[in-house]
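*Asks:* curious how this folds, go ahead:
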Amino acid sequence: MDTEQLNVKNRKMRVCVATCNRADYSKLAPVMFALRDDPDMELQVVVMGSHLIDDYGSTYRMIQQDEFEVDGFLHTIVRGEDEASMAESVGLALVKLPDVLVRLKPDLLIVHGDRFDALSLATCAALMNVRILHIEGGEVSGTIDDSIRHSITKLSHYHACCTDRARRRLLSMCEDNDHILLAGCPTYDKLLSCNEKNYDNVLSKWVGEGVKPKDFIIALQHPVTTDIKGSLKMFDLMLDALLEFNVKTLVLFPNIDAGSKEMTRMIRLRGLEHHPNFSLAKHVPYDQFIILLANTGCLIGNSSAGIREAGAFGTPVINLGNRQIGREAGENVLHVRDADTKGKILHAVNLQFQKQFPCSYIYGDGHAVQRIMKFIHKIKNDLEKPIQKSFIFPPMKDTVSQDIDHILETQSALAVDLGGTNLRVAIVSQQGEILHKMSELTPATYEQRMDLLVRMLVEATSKAVELSCRILGIGISTGGRVNPHEGMVLHSTKILEEWSSIDLRTPISNKFHLPVWVENDGNCAALGERKFGKGVGSEDFITLIVGTGIGGGIVLNNELVHGANFCAAELGHITVSMDGPDCMCGSSGCVESYASGIALQREAKKLHDADELLVPGVHLREGEEVTGKHVIQAAQLGNKKAEKVVETACEALGLAVCTLLHTVNPSHIILCGHLAPHYVDGVREVIQRRALPSAASSIQIMVSDLEEPALLGAASIVLEYATRRIY
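*Replies:* Model (predicted):
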């Protein structure tokens with residue numbers, strides 16, 4: 001590198017932007033305008049690739065219309081539109097580009113995306129020690145584009161990515177965190193400021209006179225170079241489905257990848273250019289394309305525009321095949337991964353057409369160019385530093401997706417609630433509907449318990465087939481201290497004997513070949529309320545279960561609190577008396593020893609043994625065991641001693657709640673379990689007497705509306721992790 005290159009502080013920074021096709025120009029143009037207007041920058045423009053081919057719209061004219069001075073036109077495409085011509089085009093570009101870079105001597109080359117032309121640019125610049133800024137790296141789309149994109153990433157020195165997931169992928173690919181900018185997509189700067197309501201002329205020009213918003217479809221499908229035969233079949237089926245659907249349709253011609261010539265031939269053979277419902281276009285200017293996108297009833301195909309830009313308008317999208325399957329998508333996108341029949345595609349069109357989804361801004365907030373320009377100024381300060389890259393390797397998570405096959409069945413979870421009294425198994429839909437439920441008494445021993453659980457799960461899986469349910473996994477709610485990461489029950493009280501150091505996940509997962517999640521029953525109740533009940537929309541609340549025992553779950557900042565060794569939210573063992581009755585945990589004075597079903601049963605037996613329980617209206621059949629429900633019935637019918645038992649239970653539970661208010665300060669506390677309705681008024685009264693006024697005035701004490709909060713919570717774990725994921 002010569003002295004002039006190094007002494008950049010005394011001159012403008014030379015930034016070369018190379019654009020290869022209509023798609024990358026829409027992303028690069030906003031940055032080019034900003035560079036042209038920056039007094040510290042000298043913009044250099046190289047135009048190449050399909051920009052210069054008439055069959056693809058001669059889109060170099062857009063660049064001229066935007067009044068950019070072009071420093072080089074390079075004819076780099078070898079025609080043929082097959083795999084060999086793509087490889088030859090890369091080679092031809094590598095032959096021509098060095099002369100241009102030698103002449104322009106750029107300090108920085110800006111390359112976009114994942115096209116084979118961009119790979120030529122990055123390869124040439126890297127070999128010639130020109131720093132490279134790669135825009136939109138770190139994304140996953142599911143085809144050969146991934147290999148090209150990630151290759152460009154490894155050749156590039158700086159990265160401006162669009163999403164946090166893309167940023168983390170770049171980190172996992174060993175890129176330097178200091179050289180990564182989370183900018184957002186530059187097109188969003190224009191997209192979010194456009195007036196999509198100004199559509200009359202645009203719709204008339206491209207779709208037809210008199211066409212109204214949402215009354216037409218945009219079809220935009222590109223060949224998949226790793227499966228040309230399959231992508232051609234899919235394109236053929238898509239055209240057949242659109243012809244049968246019979247609404248106005250704008251078909252945009254595919255890009256120049258291998259297979260595009262055959263796709264164009266399919267369009268011609270059907271005579272779509274003469275069909276009254278079809279309009280064809282080689283290219284639509286970007287500002288008009290986004291107006292069409294905002295107003296279409298549906299976009300179908302495999303273009304990234306459906307994943308990226310369409311979400312900003314809530315436009316319904318049908319993504320066919322694997323080409324975009326790995327990209328982050330909003331709920332407006334319906335994937336038809338195996339688009340192998342016309343009927344399946346037509347079903348997807350019927351599902352999506354003219355829907356309106358919430359707008360999502362996964363890929364930008366309208367300020368990307370401002371961030372990128374600031375980043376380029378930072379790069380200017382790095383130009384005298386060595387060009388060699390450094391590397392780090394962090395972990396990464398997988399992405400998620402939605403598939404049409406999942407929608408055709410009811411996505412469901414098998415939920416288990418293993419309590420001290422009953423063992424329940426249910427099939428729960430994604431909407432929280434219990435489609436089928438079974439209940440048995442909980443066996444006394446470990447072996448009996450596991451045998452019964454397996455039998456009930458086998459029966460439930462058979463029932464799921466009858467109900468056309470796709471079982472995504474098994475969620476198990478159980479009493480005891482649970483390590484949810486390992487699926488282990490660590491310890492349990494005497495309510496569940498032989499239930500310590502139990503691996504629940506492994507045997508159940510091995511038996512049913514499904515993912516299994518295990519969680520404490522109190523925590524599950526909290527998760528059930530957060531997903532389906534009175535915790536929806538609340539970031540800070542506590543669920544308190546009053547049943548056979550007492551448990552609960554704490555949600556703070558929308559996260560379940562487990563504690564250092566999974567002992568958080570053992571709410572039944574809050575001490576409310578220094579010398580109270582013995583508790584099943586081995587201690588004494590716990591709220592569970594006063595207010596649980598077992599505690600009420602103990603007091604009911606005492607009254608019954610003293611012949612002080614039964615009053616008119618309370619009946620005990622021969623051989624029937626005395627339980628807590630009898631003391632509650634007696635209290636309701638005026639039995640003073642039974643009233644005292646219930647009042648003591650309410651006082652103890654109220655004191656425990658006061659402790660929680662003063663410790664955690666939640667927005668509300670949800671009482672669950674069969675005893676909750678009998679305690680709620682008494683607890684409220686205790687809070688008014690015993691809690692700090694500031695805590696008492698703001699807290700809401702409410703009773704759950706959910707029939708089975710722990711079951712629903714166990715199901716919610718499965719549904720949160722497994723839905724929108726393809727297995």
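*Asks:* and the top helix by length along the chain, what does it pack onto?
*Replies:* Longest helix in the chain by number of residues (criterion: DSSP state H): helix 640-664. Using 3 or more Cβ pairs under 8 Å, 6 or more residues apart in numbering; DSSP states H and E, the elements in contact with helix 640-664 are strand 541-546, strand 550-556, helix 592-595, helix 597-609, helix 628-636, strand 668-672, helix 676-690, helix 693-698. Where you see a C-beta, it was placed from the backbone N, CA and C, and this is true even at glycine.
*Asks:* now the chain, which segments are flagged as low pLDDT?
*Replies:* Applying pLDDT under 70 to the chain flags the ranges 1-8, 142, 391-408, 722-727.
*Asks:* pretty sure residue 307 contacts residue 333?
*Replies:* Yes: between residue 307 and residue 333 a contact is recorded at 6.2 Å, counting by Cβ atoms under 8 Å.
*Asks:* between these two, what contacts are shared?
*Replies:* Counting by Cβ atoms under 8 Å, 6 or more residues apart in numbering, the contacts common to residue 307 and residue 333 are 317, 319.
*Asks:* which one of those two has more residues nearby?
*Replies:* Taking neighbours as other Cβ atoms under 10 Å, residue 307 and residue 333 compare with residue 307 leading, 27 against 24.
*Asks:* which ones are touching that one?
*Replies:* Per Cβ under 8 Å, 6+ apart, neighbours of residue 307: 317, 319, 324, 327-329, 333.
*Asks:* narrow those to those in helices?
*Replies:* Per DSSP H, the contacts of residue 307 never map to helices.
*Asks:* between those residues, which sits nearest residue 591?
*Replies:* Checking those against residue 591 by Cβ to Cβ gives residue 328 as the nearest, at 45.5 Å.
*Asks:* residues near that closest one, how many?
*Replies:* For residue 328, using other Cβ under 10 Å, the count is 21.
*Asks:* quick one, phi/psi of it?
*Replies:* phi -70, psi 130 (degrees, to the nearest 10).
*Asks:* for it, give me its contacts.
*Replies:* Counting by Cβ under 8 Å, 6+ apart, residue 328 has contacts 163, 165, 307, 362-363, 399.
*Asks:* farthest-apart pair in these, please.
*Replies:* 363 and 399 (13.8 Å).
*Asks:* which one of these two has more residues nearby?
*Replies:* Taking neighbours as other Cβ under 10 Å, residue 363 and residue 399 compare with residue 363 leading, 26 against 16.
*Asks:* right, and that one touches residue 310 too?
*Replies:* No: using Cβ under 8 Å, residue 363 makes no contact with residue 310, being 10.4 Å away.
*Asks:* now do the contacts for residue 524.
*Replies:* Contacts of residue 524 (Cβ under 8 Å, 6+ apart): 417, 475, 477, 553, 709-711, 713-714, 717.
*Asks:* let's see that with 10 Å instead.
*Replies:* 415-417, 475-478, 482, 484, 517-518, 543, 545, 551, 553, 560, 708-717 (Cβ atoms under 10 Å, 6 or more residues apart in numbering).
*Asks:* quick one: it from residue 322, how far?
*Replies:* Distance of residue 524 to residue 322, computed by Cβ to Cβ, to the nearest Å: 36 Å.
*Asks:* quick one: the strands in the stretch 401-550 of the chain, in order.
*Replies:* For the stretch 401-550 of the chain, the strands defined by DSSP state E, counting those that start in this stretch occupy 410-418, 422-429, 434-441, 469-478, 481-483, 488-491, 502-503, 516-520, 541-546, 550-556.
*Asks:* by neighbours, which of the contacts of residue 307 wins?
*Replies:* When neighbours are counted by other Cβ under 10 Å, residue 319 leads the contacts of residue 307 with 32 neighbours.
*Asks:* give the contact list for that residue.
*Replies:* Here residue 319 is in contact with 142, 221, 299-304, 306-307, 310, 325, 327, 329, 333-337, 339, 348, 401-404 (criterion: Cβ under 10 Å, 6+ apart).
*Asks:* just those residues: which are in strands?
*Replies:* Judged by DSSP state E, strands contain the following of those: 299-301, 333-336.
*Asks:* is it possible to get TSV of those that adds distance to residue 453?
*Replies:* As requested, those are arranged in TSV below (distance: Cβ to Cβ, whole Å):
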residue	distance to residue 453
299	47
300	46
301	47
333	38
334	36
335	35
336	37
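*Asks:* export stretch 282-298 as PDB, just CAs?
*Replies:* Presented in PDB, the C-alpha positions along stretch 282-298 are these (Å, rounded to 0.1, in the frame of the first residue of the first chain):
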ATOM      1  CA  LYS A 282     -38.800  -7.400 -15.200                       C
ATOM      2  CA  HIS A 283     -38.300  -4.700 -12.600                       C
ATOM      3  CA  VAL A 284     -40.300  -2.300 -10.500                       C
ATOM      4  CA  PRO A 285     -38.500   0.800  -9.000                       C
ATOM      5  CA  TYR A 286     -38.000   0.300  -5.300                       C
ATOM      6  CA  ASP A 287     -40.100   3.300  -4.200                       C
ATOM      7  CA  GLN A 288     -43.000   1.900  -6.200                       C
ATOM      8  CA  PHE A 289     -42.400  -1.700  -5.200                       C
ATOM      9  CA  ILE A 290     -42.800  -0.900  -1.500                       C
ATOM     10  CA  ILE A 291     -46.100   0.800  -2.200                       C
ATOM     11  CA  LEU A 292     -47.200  -2.300  -4.000                       C
ATOM     12  CA  LEU A 293     -45.900  -4.400  -1.100                       C
ATOM     13  CA  ALA A 294     -47.800  -2.400   1.400                       C
ATOM     14  CA  ASN A 295     -51.100  -2.700  -0.500                       C
ATOM     15  CA  THR A 296     -51.100  -6.200  -1.800                       C
ATOM     16  CA  GLY A 297     -53.400  -8.800  -0.500                       C
ATOM     17  CA  CYS A 298     -50.500 -11.300  -0.300                       C
END
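*Asks:* tilt between the longest helix of the chain and helix 628-636?
*Replies:* Angle between the axes of helix 640-664 and helix 628-636 is 110 degrees (criterion: axes from the mean of the first three to the mean of the last three Cα atoms, to 10 degrees).
*Asks:* can you give me the buried ones in helix 640-664?
*Replies:* 641-643, 645-646, 648-661, 664 (16 or more other Cβ atoms under 10 Å).
*Asks:* ok so, going back, joint contacts of residue 363 and residue 310?
*Replies:* The contact lists of residue 363 and residue 310 share 304, 330, where a contact means Cβ under 10 Å, 6+ apart.
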